[in-house]
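S.K.: What would the 3D arrangement of this be:
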Amino acid sequence: MLKVLLVDDEAPILNNLNRVLPWEEMGMKVIGLARSGTEALEIAEQYTPDLILSDIRMPVMDGLTFISKIREEGSRAEIILLTGYQEFEYAREAIKLGVKDYISKPIHYGELEDKVRGIGEEIRKKRAKEKYYSTVSLIDDVPGPETAKKTPEQLVASALEYINTNMGQDLGIEELSEHLGISSSYFCLLFKNHVGLTFVEYLTKQRMEAAKFLLVNSDKNIAQIGSFVGYHERRYFTKVFQKATGMTPSEFREMSGKATV
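M.R.: Numbering: from 1, shown residues only. All right, here's what the predicted structure looks like:
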């Protein structure tokens, strides 16, 4: 059973999250309900959740501070952000902290259930691969002494953190390989086998998710959002976004109920 932590300062929402979703049927167990980031941090330290659903705006310690702290402590939990907050900087920080997905308030529980099911499957597949590849050597060259101290899982985790933090820059395989201290060929094999996507596929997917988040949760214009996620030409950003989603950024924003900018 995957362990789930629910965090929201509003008791009715917290209780609905706990009761409405079919956790057991999805192969998950709610291990804690928290009404502040401080309370959530204590539960996370004790039970190491696999999935966290967290509000942004909470008293004592807000959602992003809580997420930042558990990341500092090494948590690899997947996170769905519950947000009605329209601040661009909050969206920026959420992306940097590796938030997996978001859902806007008021919550559509059918949509949330679909997201939770999908992320649960991703967690299980990732674990199965990690279990397999922890017993199989993928190294096609001799790593340096520092790299040798890191497991394949740690290398991939470092790569994902680097990508999420620097997705607005021009990223390439050579840069990531050098950052990790391994060969390009080993990096490509390692990344694909652990993540299930090539480096380019993953980077594009993360950029598109970040762009969708910002289109809904910020008032920045299309060009600014494109530049923030690594596409400095609006036309190219629109082309990639349309290929990924089937609609232009403006159409996506309009469909989501925000005025096109």
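
S.K.: how about low-confidence regions in this protein?
M.R.: 85-89, 130-149, 258-261 (pLDDT under 70).

S.K.: can you give me the helices for it?
M.R.: With helices called from DSSP state H, the chain shows them at 11-20, 37-47, 63-72, 88-96, 109-133, 145-148, 152-166, 173-180, 184-195, 199-217, 222-228, 234-245, 249-255.

S.K.: Out of these, which is closest to residue 3?
M.R.: Closest to residue 3 of the helices of the chain, according to CB to CB: helix 37-47, at 5.9 Å. The C-beta positions use only the backbone N, C-alpha and C, and glycine is treated the same way.

S.K.: tilt between that closest one and helix 63-72?
M.R.: With axes from the mean of the first three to the mean of the last three CA atoms, to 10 degrees applied, the angle from helix 37-47 to helix 63-72 works out at 30 degrees.

S.K.: What is the distance between helix 37-47 and the centre of its chain?
M.R.: Offset of helix 37-47 from its chain centre (CA atoms, centre = their mean, to the nearest Å): 19 Å.

S.K.: what about the residue nearest to residue 21 when sequence neighbours are not counted, how many residues close to it?
M.R.: In space, and not counting its chain neighbours, residue 21 is closest to residue 113: 5.5 Å by CB to CB, 6 or more residues apart in numbering. Residues within reach of residue 113, counting by other CB atoms under 10 Å, total 16.

S.K.: Could I get the contacting residues of residue 58?
M.R.: Going by CB atoms under 8 Å, 6 or more residues apart in numbering, residue 58 touches 7, 8, 9, 35, 36, 37, 66.
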